[in-house]
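Asker: Quick one, structure for this:
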Amino acid sequence: MADDAPRSMGRLGSTYGLKGFLKVQSFTEQPENLFSYAPWYLKRRGQDWREVEVEAWKPHGDGFIVKLKAVDVKEEAALLTGMDIGIKRSSLPALSGDEIYLVDLEGCTVLGLGGVNLGVVSRVMDQGAAPIMVVSPSDQPKGGPREERLIPYVRGPIVSKVDLEAKTIWVEWGEDY
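Answerer: Residues are numbered from 1 along each chain as shown. Just a heads-up that it's a prediction; the model follows:
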């Protein structure tokens with residue numbers, strides 16, 4: 001990725017307690033790694049990123065809670081629920097070999113069996129067993145119905161090749177799947 005704009009790496013959930021804590025959903029492979037990256041940026045869909053500072057965090061149940069600096073009461077925290085947590089590429093560790101950040105798949109054209117254009121990756125969801133690429137038609141008429149495809153990101157049996165420079169992913173997936 002050429003620019004260093006924040007990319008969504010998590011999401012703030014509901015409030016927790018009275019002192020401004022929020023539940024956190026991490027999209028990183030090791031969920032606690034989200035707290036190793038700073039600074040965080042927050043935004044709602046359609047808005048700009050704004051920088052925030054993590055004051056404290058801790059594991060809670062099977063997830064995490066976080067306290068952001070200058071958010072001291074439940075009512076202030078409630079205004080942040082549902083916001084995406086963004087991290088700039090420059091804050092992430094360098095990759096080695098054929099490793100990739102799944103967020104780099106966004107915007108890639110997906111070519112299926114016989115070279116058919118299946119669309120463009122609009123986002124990647126972590127669903128436990130394997131990340132899922134949400135592929136939207138590239139010739140989608142504005143305001144038309146969305147006919148997205150959900151394609152598992154599994155190297156080998158499904159994803160045969162990824163070329164991030166060419167922004168292209170080749171998959172063993174038919175147009176009628």
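Asker: Tell me the buried residues in the least confident helix or strand in the chain by mean pLDDT?
Answerer: When the helices and strands of the chain are scored by mean pLDDT, DSSP states H and E, strand 117-126 comes last with a mean of 90. Across strand 117-126, burial judged by 16 or more other CB atoms under 10 Å covers 118-121, 124, 126. Glycine gets a C-beta too; all of them are placed from N, C-alpha and C.
Asker: Compile the residues you listed into CSV and extend it with columns for distance to Pro39.
Answerer: Listed next are the buried residues of strand 117-126 as CSV, based on distance: CB to CB, whole Å:
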residue, distance to Pro39
Leu118, 36
Gly119, 34
Val120, 30
Val121, 27
Val124, 23
Asp126, 23
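Asker: now, which of those sits nearest Leu79?
Answerer: Asp126 (25.9 Å; CB to CB).
Asker: May I have the residues that are in contact with that closest one?
Answerer: Counting by CB atoms under 8 Å, 6 or more residues apart in numbering, Asp126 makes contact with 27, 102, 132.
Asker: Could you do Glu76 as well?
Answerer: Gly20.
Asker: a strand runs through it, doesn't it?
Answerer: No: with DSSP: H, G, I helix; E, B strand; the rest coil as the criterion, Glu76 is helix rather than part of a strand.
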